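Trainee: Kindly generate the corresponding structure for this input.
(chains A, B, C and D)
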Protein chains: 2
Amino acid sequence: MVSEPNGPRPTLEAVAALAGVSRATVSRVVNGGAGVRAEVRERVREAVAELGYVPNSAARSLVTRRTGAVAVVIAEPETRVFSDPFFGRQLRGISRELAAADTQLLLMFVEHRDDYDRIGRYLSAGHVDGALMFSLHRDDPLPAMAERAGLPTVFGGRPDWAGAGRAPRPLYVDTDNRDGARQAVRHLLGRGRRRIAVITGPLDQTSALDRLDGYREALGTPEPDPRLIADGGFTAQGGERAMAELLDAAPDLDAVFACSDLMANGALRTLRARGRRVPDDVAVVGYDDLEPAAWADPPLTTVRQDVEEMGRLMARLLLRLLDPRKAEAADGVAGVEQVPGDGPAGLAPVITGARLVVRESA
Amino acid sequence: MVSEPNGPRPTLEAVAALAGVSRATVSRVVNGGAGVRAEVRERVREAVAELGYVPNSAARSLVTRRTGAVAVVIAEPETRVFSDPFFGRQLRGISRELAAADTQLLLMFVEHRDDYDRIGRYLSAGHVDGALMFSLHRDDPLPAMAERAGLPTVFGGRPDWAGAGRAPRPLYVDTDNRDGARQAVRHLLGRGRRRIAVITGPLDQTSALDRLDGYREALGTPEPDPRLIADGGFTAQGGERAMAELLDAAPDLDAVFACSDLMANGALRTLRARGRRVPDDVAVVGYDDLEPAAWADPPLTTVRQDVEEMGRLMARLLLRLLDPRKAEAADGVAGVEQVPGDGPAGLAPVITGARLVVRESA
DNA sequence: AGTCAGCGTGAGAGCGCTCTCATGTCGTGC
DNA sequence: GCACGACATGAGAGCGCTCTCACGCTGACT
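Mentor: Numbering: from 1, shown residues only, chains lettered A, B, ... in the order given. Now for the predicted structure:
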C-alpha cells in the first residue's frame, strides 16, 4: 500500500486508469468481483493496492441508500448508565457482532428533553440503516419516532407498546425476567425464608415489572404484603434506601430479592449498617450477575443473564432485518427461545434464559 | 411536520419547487440562511416544515468532505473497559460535548490483532472527521495509522510517542498523574505511615508510569524498596493479587497506594481476608474517585480527577482542531492548565488537576 | 443621467460512486 | 455457415447536495 502521504485520496477513476479498465469494472471488483475475468480482477486488485484506494463511503451510500451504520440509543438517566456494568456489557456484545458485519456503531445518549428532537431528526436523516434502543420507559417517544421514520429498530428489553397504534410487533431481545425472579424467590423459599421482601426497579420499565410479577408468582400471592415491596430505581443508592424502608416497615423480614446486583449491593450496605447478618439474619439475592455480584461482601447469590450475548443477539436481529440475505446460518443459539408465530424466518423477539447462581448471600 | 408516512424522502428539489425558488436558495436557507431575503427565507422554512425535509447527509458530505462524525477508539482489553466506570464517564463527557456541536460519535473497540486492520481501514476511509483514542499502550499502531491517514486525533492520556518520527506534537488530555500520586503518598506520610507500598497499573501506559513516579518523588527515594511495588494491572482482581504479593514480601507495610479505585477495592478485599484492619493496620488510598471509591468498605480516600470533564475537554479539543472558526469562547475552564509553548490558540495538550479526597480508608 | 458596487437569486457543474443498458465477443446448436 | 444466447466490459445517467459564477436589480455616487 504505497499511498501518497497527503495527496487527495484516489478515486475509482484513478484505479480504472491505472488498471486500464473502466470505472464500472473497478467497482465490480471492489464489490466482490463477480462477473469479471480473473485476470482483469487481479490487475484491478493490484491497482487498488498500489494506490491505496479506499472507497468513498459518502458517494457509495448516496447511491446505495445504505450507510453501513446503526445507531445505539441509550435513554437512561445518567446515574445508571455506566455505574451499572450492564450497558457496557451489552454494548460490547453489540459492538462485536456489528464489527463482524463491518457495520458501524453510532452511540447516542438521551439525557434531556431536547435530545429527543436532535436524535429524532438524526434518525430520520438517513444517517443510519437501523437502530438499537435500550431501556425505554413507558412513554418514551423514541419508538414512535423510529417507526415514523421507517427505521428498522430492535429493542433491548420488551418495550411497553402502549403508544404504537397499528404498528407491527416490535422486535426485541429480553431475558425471561419473570422466570428469573421466580427462580430467585423459590430459592429463598427453599431455604426456609418466609418473609421475603423485594426491591424493584422503576415500574415503568417492563423488566422491573416482569421481575416483580415473577416474585408474586413464586410467592403464590397476587397481592403480597405491600410493606415488603420497595422501589430501588435500579441504582445502588436506591437499593440502600429501599432496604432501609423495608426494614422500617417490616422489621421481621428474613430475605430480600433485589432486582439488580447494584441494588443488592446497596441493600447489603444498609443491612450491615443495621447490624443484620447476611445471610444468617437476612438472605439476599440479586439479579444480573455482573461484577458487583462477585465483588459484594458476601458474594451475591444472583440471577445470571448473559448480557453480552443479549447485545449480540440484538445486533444480529437488526442485521438480519436490514439484510435478510445475509442471514448467516448463525442461528440456533443455545439457551435461546424464540417467541413462536411470527413473520419471516428468525424475525421475531428473542427471549434468553435466566439462571440462578448460588453464592454466599442466600 | 406533515411528512408522507413512507414515500421517498423529499429532496432539496422538492422543497425548492414548493417554495417557488431554486435549489441553491433552499440550500442557503437550510445552512443558516445568510444572504437570503427574510421573506424568502420564511417561505422556504415553511416548505421545509411542510414536507418534513431533512438533508441527506451522504450527499452533503460527498461534496463538503465532512461527515460530522468522529470516532472514539477504545483499545483496552475487555476486562477493564466497562467494569471500570472510568471509560463510561469519559464517554459521557465526550458524548455531551459532541452532541452540543451536532457531531456524531462512532464507537469502536479494539480487541483483537485483526481489529487494527479493520479500524485502520475505517479511519482512512474518510468516514469520520477525526478520532479520539484511549489508553493506548506503548506499541499501539493506532496513532501512526491516524497520522498516516491525516486524521486529526486527540488522545486520552499522554501517549507514549516512541513510534512517531517527525510527527507534530500529539494533542491529548490528561490529569496530572504525578501530582495526584504525590498528594496521595504525602497524605499517607502525613498520617505517620512509613512503609508505604504501591499497586501500579500496567507500566506500558504513561498514566501508570507517572503515578509510580509521583510515588517515588513523594517518598524522596529514586529507588524505593522493590518489595513495596506490585503491578495490579488496573483491575480489581489484579489489585487483590498484588496486595497479597505485597503482604507476603513486606509484611510490615503500613499503607498502600493503589493507582486506581478498582485495584484499591481488590486490595481491601485481600486485607480483609488477611485480617488487617483498614485504616488502623494498613491505610489505603485509591485513585480516580469513581463509584467504587465511595462504595468501598471503608469508603476510600482517593485522588479525584474529573473524568467526565476530561472527556469533554478531549471532544472540545478535537472539535477546535477540526474547525478552528467554531472555537467558541468556551475556554478558560477552571482547574485546567495548558501546556505552554504551542501552535495556534488553544491547540495544545491539556492537563487537568488532581485533588485528594479524604474518606475513611486513610 | 451614467457608472458601478452590492446584494439576492438562479443555472449548472461537479463530488465519487453504483447500476442499467448497450455493445462487443465468443461458443454453441442447427 | 449463420443465428442466437451467454458472458464480459464500457458508456453514461443519475444519487442529493454545495458552491462558484453569472445575472439582474437597486441605490449611491460622480
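Trainee: Okay, residue A:13 and DNA strand C: tell me how far apart.
Mentor: As judged by Cβ to the nearest atom of the strand, to the nearest Å, residue A:13 and DNA strand C stand 6 Å apart. Heads up, the C-betas are built off the backbone N, CA and C, glycines and all.
Trainee: Double-check that that residue belongs to a helix.
Mentor: Yes. Assigned with DSSP: H, G, I helix; E, B strand; the rest coil, residue A:13 falls within a helix.
Trainee: Give me the pLDDT for it.
Mentor: For residue A:13, the model assigns a pLDDT of 90.
Trainee: Please report phi then psi for the nearest residue to it once chain neighbours are set aside.
Mentor: Leaving aside its chain neighbours, residue A:13 sits nearest to residue A:23 (5.9 Å; criterion: Cβ to Cβ, 6 or more residues apart in numbering or on different chains). Taking degrees, to the nearest 10, you get phi -50, psi -40 for the backbone angles of residue A:23.
Trainee: Which SSE is immediately downstream of the helix or strand of chain A with the lowest mean pLDDT?
Mentor: Ranked by mean pLDDT, DSSP states H and E, the helix or strand of chain A with the weakest confidence is strand A:336-338, at a mean of 49. Counting by DSSP states H and E, the next helix or strand C-terminal to strand A:336-338 is strand A:350-352.
Trainee: Paired strands for the very next helix or strand once past that next one, with orientation please.
Mentor: Per DSSP H and E, the first helix or strand lying C-terminal to strand A:350-352 is strand A:355-357. Paired strands of strand A:355-357, with direction, are strand A:302-304 (antiparallel) (DSSP bridges).
Trainee: Identify all contacting residues around the helix or strand following the strand it pairs with.
Mentor: Counting by DSSP H and E, the element after strand A:302-304 in chain order, helix or strand, is helix A:307-322. For helix A:307-322, contacts defined as Cβ atoms under 8 Å, 6 or more residues apart in numbering or on different chains pick out A:70, A:86, A:89-98, A:101, A:103, A:129-132, A:152-156, A:171-175, A:288, A:290, A:326-327, A:330, A:333, A:336, A:346-347, A:350, A:352.
Trainee: what about burial for those, which qualify?
Mentor: A:70, A:86, A:89-98, A:101, A:103, A:129-132, A:152-156, A:171-175, A:288, A:290, A:327, A:336, A:346-347, A:350, A:352 (16 or more other Cβ atoms under 10 Å in any protein chain shown).
Trainee: Output those of those also counted as contacts of chain B.
Mentor: Filtering those for proximity to chain B by Cβ under 8 Å from any Cβ of the partner chain leaves A:89, A:91, A:92, A:95, A:96.
Trainee: Would you mind giving the secondary structure of the fourth one?
Mentor: In this case it means residue A:95. helix.
Trainee: cool, and the third one?
Mentor: Each residue gets one of three states, and residue A:92 gets helix by three-state DSSP.
Trainee: Surely it is in contact with residue B:109?
Mentor: Yes. Using Cβ atoms under 8 Å, residue A:92 is in contact with residue B:109, at 6.7 Å.
Trainee: I'd like the ones next to chain B among the buried ones among the contacts of helix A:307-322 as JSON lines, with pLDDT appended.
Mentor: Output for those, formatted as JSON lines (pLDDT from 0 to 100):
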{"residue": "A:89", "pLDDT": "84"}
{"residue": "A:91", "pLDDT": "89"}
{"residue": "A:92", "pLDDT": "87"}
{"residue": "A:95", "pLDDT": "92"}
{"residue": "A:96", "pLDDT": "91"}
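Trainee: Tell me where chain A has strands.
Mentor: A:69-74, A:104-109, A:130-134, A:153-156, A:171-175, A:196-200, A:229-231, A:255-258, A:283-285, A:302-304, A:336-338, A:350-352, A:355-357 (DSSP state E).
Trainee: Spatially nearest residue to residue A:143, not counting backbone neighbours?
Mentor: Nearest non-adjacent residue to residue A:143, counting by Cβ to Cβ, 6+ apart: residue A:159, 6.0 Å away.
Trainee: For the one you found, what are phi and psi?
Mentor: Torsion angles, degrees, to the nearest 10, at residue A:159: phi -80, psi 150.
Trainee: per-residue confidence at it?
Mentor: Predicted confidence (pLDDT) for residue A:159: 85.
Trainee: Against residue B:318, how distant is it?
Mentor: 35 Å (Cβ to Cβ, to the nearest Å).
Trainee: For stretch A:125-139, list every residue counted as buried.
Mentor: A:125-137.
Trainee: Output those as a markdown table; include the columns pLDDT.
Mentor: Shown next, in a markdown table, are the buried residues of stretch A:125-139 (pLDDT from 0 to 100):
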| residue | pLDDT |
| --- | --- |
| A:125 | 78 |
| A:126 | 80 |
| A:127 | 86 |
| A:128 | 92 |
| A:129 | 93 |
| A:130 | 94 |
| A:131 | 95 |
| A:132 | 95 |
| A:133 | 93 |
| A:134 | 85 |
| A:135 | 70 |
| A:136 | 78 |
| A:137 | 78 |
